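# predicted structure and sequence below. I'll ask about it afterward.
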Amino acid sequence: MIRLFLKLYGVLIATLALSFVLQMQLMDWVWREASLRFDFRVRFVPTFHLIDAALAAVPAAEAPERFAALAAGFGMPARLAPAAALAERARFSDEQAETYGAGGIVVIEHEGGGFTLARQLHAHGLAAAIDFPGPDSHRARLVTYAVNWAIEFALVAALVFFWVRPFWRDLVELRRNAEAVGGGQFDARARVGRYSALRPLAEAFNSMTQRVASLLQSHRTLTSAVSHELRSPLARLRFSHSLAREEKGAEGKDRFLARMERDIAEIDELTTELLDYAKLERSAPAIHLQSVPAEPWLEDVLASARDDGAPGGVEIVASVGVDAVRCEPRYMARAVVNLLRNARLHAHSIVRVSLNHEAERTVICVDDDGVGIEPEHRERLFEPFVRLDRSRARDSGGFGLGLAIVRQVARWHGGDATISESPLGGARVSIAW
């Protein structure tokens, strides 16, 4: 915190110091300009005139005594000397000497402060000088500047400290949570104030942590599921292979080879699903939304769904209520094919797919007339490798990845996938974006 405080404080102080120097120069310039318009010596012209008149009225020998009587009422030191012998003449500039010779008033500033006014009189060749004691204006100005600067710098230090303190506290919170995440605590979340300057960074950190935790959980789930899902077909394949080697007749061997081919096809399908899910889960691809004609696109999707090898006997009907749909055609088609495949596996006789606009959103609904899904199980089915152990999966429960891929595609489009009750009596799975 000290380093951050000193850096910010140094920048502010340098800026303020430059500002103060410029202000000093400006103030001095303004003072000089104002002083040129007002000559305070004019105020003392009557004083010297009276002195000159009073001394001219007396003989030269009485002039010093008369001047002393006048000076007693000035309240400040005054001197009388021959005009040519005035001590201050040695310090006159050429301009001051010319003024003095013309009978004007000359100002002589003292180094320690104060000044002297001197004028050559007409009476008896004399000159009068009046001393005005005072503080050193230059030094007083410097002291004033120093005090002002010290107060300003102290105030800035206090303000910077109270600004840096919550900023540093949030940085410490972020660092502490980053170290916790580095140590494997992926439930750590950075909590900063609502109006903190680091709030966007904290939210990005929390989102990143959640994403990393999700990916690690997905990796663990995938690893566990691979070992579990592959165990059964591999065991059957090994058993069929052993029986085929022991079988003497060609007919028996062909029967076991057919079983082995089914197991190999299941392993191949599982591998494809796992690779697809891992690719989709790893990172979102570049989604380029484009407007495609709704009816031809859906017809192609239905054709792909009818050719996927699912059991026959289930009718697929479609209704299209829009002219065009804006989506990434390839990924959205994959999602709808997954929905149709699931619906055909679980339907009794009919599957209906509809494409419409609802409240400025595009919605695809796939309905079946199967046994439906209880509300408490609907959200779980979007998790990878989750299947319900009941009659809904009568022919093939699949691998539990189809709906997980559907939700992923929906979220890439800025929407989501949900399960609800179908008007046909079974389940309705909707994609809305």
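That came in fine, so what should we check first?
# any idea how far the residue nearest the centre of the chain lies from residue 170?
Centroid-nearest residue in the chain: residue 200, 4.6 Å away (criterion: CA atoms, centre = their mean). Separation of residue 200 from residue 170 (CB to CB, to the nearest Å): 11 Å. (C-beta placed from N, C-alpha, C; glycine too.)
# the host helix or strand of residue 305: how far from the chain's middle?
For residue 305, the enclosing helix or strand under DSSP states H and E is helix 294-306. Computed by CA atoms, centre = their mean, to the nearest Å, the chain-centroid distance of helix 294-306 equals 45 Å.
# CA atoms only: put stretch 409-426 into PDB for me.
Backbone C-alpha positions of stretch 409-426 (Å, rounded to 0.1, in the frame of the first residue of the first chain) are rendered in PDB as follows:
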ATOM      1  CA  VAL A 409     -25.800 -24.500 -28.200                       C
ATOM      2  CA  ALA A 410     -28.700 -22.500 -26.900                       C
ATOM      3  CA  ARG A 411     -26.500 -20.500 -24.500                       C
ATOM      4  CA  TRP A 412     -24.100 -19.800 -27.300                       C
ATOM      5  CA  HIS A 413     -27.000 -18.100 -29.100                       C
ATOM      6  CA  GLY A 414     -27.800 -16.000 -26.000                       C
ATOM      7  CA  GLY A 415     -30.700 -18.200 -24.900                       C
ATOM      8  CA  ASP A 416     -31.500 -21.300 -23.000                       C
ATOM      9  CA  ALA A 417     -33.200 -24.700 -23.200                       C
ATOM     10  CA  THR A 418     -36.000 -25.800 -20.900                       C
ATOM     11  CA  ILE A 419     -38.200 -28.900 -20.300                       C
ATOM     12  CA  SER A 420     -41.900 -28.600 -19.600                       C
ATOM     13  CA  GLU A 421     -45.100 -30.600 -20.000                       C
ATOM     14  CA  SER A 422     -46.200 -31.200 -23.600                       C
ATOM     15  CA  PRO A 423     -49.800 -30.700 -24.900                       C
ATOM     16  CA  LEU A 424     -49.400 -34.200 -26.300                       C
ATOM     17  CA  GLY A 425     -49.100 -35.600 -22.800                       C
ATOM     18  CA  GLY A 426     -45.300 -36.300 -22.800                       C
END
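# give the buried residues for the helix holding residue 305.
Within helix 294-306, the residues that count as buried by 16 or more other CB atoms under 10 Å are 294, 297, 298, 301, 302, 305.
# for the last one, give me its contacts.
Listed by CB atoms under 8 Å, 6 or more residues apart in numbering, the contact set of residue 305 reads 316, 336, 337, 340, 341, 344.
# what's the farthest-apart pair in these?
336 and 344 (12.5 Å; CB to CB).
# helix, strand or coil: sort out residue 288 for me.
coil (DSSP: H, G, I helix; E, B strand; the rest coil).
# state the phi and psi torsions of it.
When read as degrees, to the nearest 10, the backbone of residue 288 gives phi -110, psi 100.
# do you know how far it is from residue 412?
Taking CB to CB, one finds residue 288 at 11 Å from residue 412.
# hey, what's in contact with both of these two?
By CB under 8 Å, 6+ apart, the residues touching both residue 288 and residue 412 are residue 328.
# the more surrounded of these two?
Legend: neighbour count by other CB atoms under 10 Å for residue 288 and residue 412, higher for residue 412 (20 against 9).
# the more buried one touches residue 327, doesn't it?
No. The criterion here is CB atoms under 8 Å, and residue 412 misses it with residue 327 at 9.9 Å.
# what's next to stretch 88-106, contact-wise?
Residues outside stretch 88-106 that contact it (CB under 8 Å, 6+ apart) are 41, 44, 45, 48, 108, 116, 117, 118, 119, 120, 122, 129.
# all set, thanks.
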